[in-house]
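K.L.:
requesting a structural model of the entry that follows:
(one chain, ligands or ions: 1)
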Amino acid sequence: MTVASILANKGTDIVTVNPDESLLAVAQLLDKNKIGAVVAVDADGKLAGIMSERDVVRAVARGGPEALGEAVATHMTKKVVTCKNEDRISSVMLKMTEGKFRHVPVVNGGKLAGIISIGDVVKRRIADIETEWQAMQDYIAAG
Ligand code: AMP
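P.N.:
Numbering: from 1, shown residues only. The predicted model follows:
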């Protein structure tokens with residue numbers, strides 16, 4: 001099972017921000033879209049960083065409410081771990097576990113092509129386990 005199979009179901013929409021936007025704008029986007037992270041892109045649409053709800057919480061915890069007026073560029077993670085369409089879902093799970101993050105943008109040929117969250121991965125694993133269980137039941141019933 002690959003990243004492409006998850007994107008085929010969930011779609012390739014990504015909520016992006018400009019690195020100059022404020023943390024308040026990010027918090028509002030996360031709330032409006034019911035998501036946990038946004039991807040920051042530069043003027044050319046290239047991946048510049050990732051900003052998750054954890055970064056917003058950290059900035060406010062350390063800087064107080066004024067931090068909400070600060071720029072995404074100051075608080076985002078700039079070294080983003082990404083995956084490709086052809087990557088196996090298990091390798092994305094490994095990246096999330098090792099890096100202790102819950103979002104992995106998909107980049108194909110240098111182009112942003114979607115985002116995989118830990119929720120997408122878990123949903124897919126549950127569906128796979130259900131399919132395997134049903135196949136096993138059918139095999140037993142046929143025997
Ligand atoms: P998350 O678990 O996704 O809320 O993110 C936890 C922390 O990891 C935050 O500081 C994020 O900016 C950072 N982060 C999230 N996704 C990635 C990623 N794919 N690559 C690198 N850092 C990330």
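K.L.:
count of residues packed around Lys84?
P.N.:
If you count neighbours by other CB atoms under 10 Å, Lys84 ends up with 15. C-betas here are computed from N, CA, C, even on glycine.
K.L.:
tell me what the helix or strand of the chain with the lowest mean pLDDT is packed against?
P.N.:
Counting by mean pLDDT, DSSP states H and E, the weakest-scoring helix or strand in the chain turns out to be helix 118-142, with a mean of 92. Applying 3 or more CB pairs under 8 Å, 6 or more residues apart in numbering; DSSP states H and E, one finds that helix 118-142 contacts helix 3-10, helix 89-99.
K.L.:
tell me what the spatially most central residue of the chain is bridged to.
P.N.:
Computing the C-alpha centroid of the chain and ranking residues by CA atoms, centre = their mean puts His103 first, at 2.7 Å. As for beta bridges, His103 partners with Ser117 under DSSP bridges.
K.L.:
list the contacts for it?
P.N.:
Gly36, Ala37, Ile50, Ser52, Ile115, Ile116, Ser117, Ile118 (CB atoms under 8 Å, 6 or more residues apart in numbering).
K.L.:
near the ligand, which residues of the protein?
P.N.:
By CB under 6 Å from any ligand atom, the part of the chain that sits against the ligand consists of 36-37, 50-55, 77, 80-81, 99, 101-104.
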